[in-house]
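**Student:** Sharing a model prediction with you, sequence too.
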Amino acid sequence: MPYQENLLTKCPETLPRINGVTGKDIAEPLLLLTPQYADCAARHNQLVDEINQRKEIRQ
């Protein structure tokens, strides 16, 4: 059985850069990454769950 297409979507490789040493310089890229991280983590965790469920069914 094939995997759901959305689980096979790669996360973006280009990440916001930190352009200084102040708290603001660090906070701005982190705020941009927060939604991206949540989407990628959810997709990755679901894919791992799916693979583990398939392994259990086969055994």
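**Tutor:** Done, it's in. Numbers count the residues shown, from 1 in each chain.
**Student:** What sits closest to residue 47 if chain neighbours are left out?
**Tutor:** residue 7 (4.4 Å; CB to CB, 6 or more residues apart in numbering). Glycine gets a C-beta too; all of them are placed from N, C-alpha and C.
**Student:** That neighbour and residue 35: what is the separation?
**Tutor:** 18 Å (CB to CB, to the nearest Å).
**Student:** Looking at the two, which is more packed in?
**Tutor:** A side-by-side neighbour count of residue 7 and residue 35, using other CB atoms under 10 Å, places residue 7 first with 17 against 9.
**Student:** and that one, what does it touch?
**Tutor:** Counting by CB atoms under 8 Å, 6 or more residues apart in numbering, residue 7 touches 43, 46-47, 50.
**Student:** need the contact list for residue 38.
**Tutor:** Counting by CB under 8 Å, 6+ apart, residue 38 has no contacts.
**Student:** follow-up on the earlier one: among the contacts of residue 7, name the buried ones.
**Tutor:** 43, 47 (16 or more other CB atoms under 10 Å).
**Student:** What is the nearest of the contacts of residue 7 to residue 24?
**Tutor:** residue 43 (30.1 Å; CB to CB).
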